[in-house]
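In: just the structure for this:
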Amino acid sequence: MKTYIKLITASLFISFIFLTSCEEGILDKQPLSQLSTENFWTTPEDAELALAGVYNKANTWSNADHICEFDDNTDNGIDRKPNQSFLIYGNLNPSSSEVKSLWNNSYEEIAGCNYFLENIETIEDMDSGTKAEMIAEVRFLRAFAYFNMSQYWGGVPLVTKLLTMEESITINTSSKSDIVDFVLSELEAITNDLPVTRSSDQHGRIVRAAALGVKGRLLMAEERWGEAATAFKAVIDLGVHEIDPLYSELFNGKNEESSEIIFSRKYLAGEIANSTQLYYRPSVDGGWHHMNPFQSLVDAYLCTDGKTIEESELYDPQSPVVKDGVNYRDPRLLYTIFYPGISTINGRVYHGHPDSTSVVGDVFTYDAGMTGYCLQKYVDNEYTGDVYSSGVDIPIIRYAEILLSYLECKINEGTTIDQSLLDLTINAVRGREAVQMPSVTETDATKLMEILKRERRVELAWEGLRYWDLNRWGEATDKLSDKPMYGIKLTDDPDNYDRFPVGPNGHYFVFSLQYSSTDLPWPFPQDELDINTTLTQKDNWK
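Out: Okay, here's the model as predicted:
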């Protein structure tokens, strides 16, 4: 049901709460005078409307662009627009538009949360339980924003109230440990005020597992494995979330109320919409073909015997996915990626070719692909509506992530691995009805960790987690720095082929990744440093 998001639509005027100006500090966000406490914040309905406005504003870290497209800054794929793949192009700097945008939007979001929290207490005739639940939701959204900022920037200014102009241009940075402590304390305080489940008319609002899931993510990033495992196990013990039998329907708008989806960014076609059906669809079906998976990701999908393409007797390099009409690769490959000559959309077979928008042509257009592959995940193959204004939700936390993260924490904690733990976690994910990959039986921690890394890559592809996984595993430099990346195979005779650049295996050469190990933490935006001279640039960016 999209009932609650209609309330968000009705609350768009709440966005006028904020004043934004390039001449002012971004941390200075104040209510406009016409939205004063005298004519608002008097009834429970005002609180409901304001809450919906906060949800609408809280899209910095949960919108389609950030989650889906951030995998285009890894070895999973590349965006046609270099500014979207700025990390692997080596273009991160204090003046980067992405740095400025995420910083500004984050503090606008935080200001909205602070505004809500400072004013809801003025409503007297309101059920105390309802009020506590709303406060918990807003504190969660603020904590989620700070969690994400801590991952990119480490220490940032910690703002928990509306600031005056003077305060906004003199506030200093809090340490990363202070931000981490704040997020954890907020999540701890609000968890029990959040409901375990929601009715259909409240679908999309925060539930208890979301707070536990973000807590687990943060503790895992901090390598506090035991505490993280406890948070993830608490989600499992709630007993209300499960692995859905379907997979692709979790992402294409057809199964948005699945109990597997714990936290998602809600959209509604024509009202609060996104352009995923425009950005991600192949050019042949009217899309812009933004998402371009690398061959590296394609090759990561196992064969149906549970072995890699290097190990499996099923694998045939001349028929890498389907042979004799049978798909012998992990089904998630075709759920995630449009594969040339096999995948279809609106009744047409997808054919990919570098710089091509048709089966036979090679004419470059802005809408062409870059690798020969196209992202299938999030694309509704039967969609015929306005591609500029679709309503497909974007999952942020799924139960599958919770289970895989729990297993990773138990491995790193040094827990003895047994089959029951494997069946509870990774095998539950691999065993969904639409996937049915062979169960994992490996209990050696080192070998199991490599299996888990591959599983996270294919299960969670284009859900915005690959970059953080690689950094947590200490593999970002190895995987993303000066690494040549390839697309589809163009020739069996690379030595005598000169139409497009190819590698020694005959696959189309895209480019070499240029990620820098010194990128983290990200730099503060230069504009903010110019306004607030109290801030000092990160040491790795001085």
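
In: surely His507 meets Met485?
Out: No - contact between His507 and Met485 fails when scored by CB atoms under 8 Å: they sit 9.5 Å apart. Quick note: C-beta positions are derived from backbone N, CA and C, even for glycine.

In: need the overlap of contacts for the two.
Out: Common neighbours of His507 and Met485, counting by CB atoms under 8 Å, 6 or more residues apart in numbering, are Gln295.

In: those two: which is more packed in?
Out: Set His507 next to Met485 and count neighbours by other CB atoms under 10 Å: Met485 wins out with 25 against 22.

In: thought that one was touching Tyr515?
Out: No - if you go by CB under 8 Å, Met485 and Tyr515 don't touch, sitting 11.4 Å apart.

In: for the stretch 1-150 of the chain, just list every one of the strands.
Out: Ranges of strands in the stretch 1-150 of the chain, per DSSP state E, counting those that start in this stretch, are 73-74, 77-79.

In: output the contacting helices and strands for the last one.
Out: The reference is to strand 77-79. strand 291-293 (3 or more CB pairs under 8 Å, 6 or more residues apart in numbering; DSSP states H and E).

In: and the helix or strand following the strand it packs on, how far from the chain's centre?
Out: Scanning forward in sequence from strand 291-293 by DSSP states H and E, the next helix or strand is helix 295-300. Between the centre of helix 295-300 and the centre of its chain there are 20 Å (CA atoms, centre = their mean, to the nearest Å).

In: ok, the helix or strand following helix 295-300: who's next to it in the sheet?
Out: Scanning forward in sequence from helix 295-300 by DSSP H and E, the next helix or strand is strand 322-323. Its sheet considered, strand 322-323 pairs with strand 326-327 (antiparallel) by DSSP bridges.

In: can you tell me the average pLDDT over the partner strand?
Out: In this model, strand 326-327 carries a mean pLDDT of 98.

In: stretch 336-349 too?
Out: Stretch 336-349 comes out at a mean pLDDT of 92.

In: who's in contact with Val392?
Out: Going by CB under 8 Å, 6+ apart, Val392 touches 251-253, 267, 274, 276-277, 378, 380.

In: what secondary structure does the residue nearest to Glu223 when sequence neighbours are not counted sit in?
Out: Nearest non-adjacent residue to Glu223, counting by CB to CB, 6 or more residues apart in numbering: Asn412, 7.3 Å away. Classification of Asn412 by DSSP: H, G, I helix; E, B strand; the rest coil places it in helix.

In: sorry, back to before: do you know which of the strands of the stretch 1-150 of the chain lies nearest Ser481?
Out: Among the strands of the stretch 1-150 of the chain, strand 73-74 comes nearest to Ser481, with 11.8 Å by CB to CB.

In: packing partners of the closest one?
Out: Against strand 73-74 (3+ CB pairs under 8 Å, 6+ apart) you get helix 466-472.

In: show me how far the helix it packs on is from its chain's centre.
Out: On the basis of CA atoms, centre = their mean, helix 466-472 sits 12 Å off its chain's mean C-alpha point.

In: same check, this time on stretch 155-167
Out: Relative to its chain's centre, stretch 155-167 lies at 27 Å (CA atoms, centre = their mean).

In: quick revisit: distance to Asp539 added to the strands of the stretch 1-150 of the chain, as a markdown table?
Out: As requested, those are exported to a markdown table (distance: least, CB to CB, whole Å):
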| stretch | distance to Asp539 |
| --- | --- |
| strand 73-74 | 23 |
| strand 77-79 | 30 |
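
In: where does pLDDT dip in the stretch 251-400 of the chain?
Out: 353-368 (pLDDT under 70).

In: the strands in the stretch 351-500 of the chain, which residues?
Out: 374-375, 394-398, 481-489.

In: of all these, which lies closest to Leu460?
Out: Nearest of these (CB to CB): strand 394-398, 7.9 Å.

In: contacts for that closest one next, please.
Out: 62-64, 67-68, 209-210, 213-214, 250-251, 260-265, 267, 274, 276, 378, 460, 463-464.

In: same question for stretch 119-139.
Out: Surrounding stretch 119-139, the residues in contact under the criterion CB under 8 Å, 6+ apart are 37, 40-44, 46-48, 50-51, 54-55, 113, 116-117, 186, 189-191, 193-195, 205-206, 211.

In: list the buried residues for it?
Out: Buried residues in stretch 119-139, defined by neighbour count with 16 or more other CB atoms under 10 Å: 119-120, 123, 126, 131, 133-139.

In: which one of these is nearest to Leu334?
Out: Distances from Leu334 to these, taken by CB to CB, are shortest for Glu137, at 37.3 Å.

In: re the thing from before, how close does the residue nearest to Glu223 get to Trp225?
Out: For Asn412, the distance to Trp225 (CB to CB, to the nearest Å) stands at 4 Å.

In: number of residues surrounding the closest residue in space to Asn76 that isn't next to it in sequence?
Out: Distances taken as CB to CB, 6+ apart place Leu297 nearest to Asn76, at 4.8 Å, with adjacent residues excluded. Leu297: 24 surrounding residues under other CB under 10 Å.

In: the one 3 residues further on now?
Out: Burial of Ala300 is recorded as 20 neighbouring residues (other CB under 10 Å).

In: from here on, call the first residue 58.
Out: New numbering, starting at 58: the last item is Ala357.

In: these two touch, right, it and Glu512?
Out: No - the criterion here is CB under 8 Å, and Ala357 misses it with Glu512 at 9.7 Å.

In: got a pLDDT number for Ser93?
Out: Value for Ser93, per-residue pLDDT: 56.

In: ignore what I typed, I meant Met222.
Out: In this prediction, Met222 carries a pLDDT score of 89.

In: and it, how many neighbours?
Out: Met222, neighbours per other CB under 10 Å, totals 12.

In: ramachandran angles for it?
Out: When read as degrees, to the nearest 10, the backbone of Met222 gives phi -60, psi -50.

In: from Asn229, how far off is it?
Out: For Met222, the distance to Asn229 equals 16 Å [CB to CB].

In: ok, back up a step: hmm, Gly283 and the residue nearest to Glu280 touching each other?
Out: No - taking contacts as CB under 8 Å, Asn469 lies outside contact range of Gly283: 9.2 Å.

In: which one of those two is surrounded by more residues?
Out: Legend: neighbour count by other CB under 10 Å for Asn469 and Gly283, higher for Asn469 (18 against 13).

In: pLDDT wise, what is that one at?
Out: Asn469 is assigned a pLDDT of 99 by the prediction.

In: and the helices in the stretch 158-307 of the chain?
Out: Along the stretch 158-307 of the chain, the segments classed as helices by DSSP state H, counting those that start in this stretch run 185-210, 222-225, 233-247, 265-278, 282-295.

In: which of those sits closest to Trp579?
Out: Of all these, the one in closest proximity to Trp579, counting by CB to CB, is helix 185-210 (4.6 Å).

In: gap between stretch 245-259 and the chain center?
Out: The answer for stretch 245-259 is 22 Å, by CA atoms, centre = their mean.
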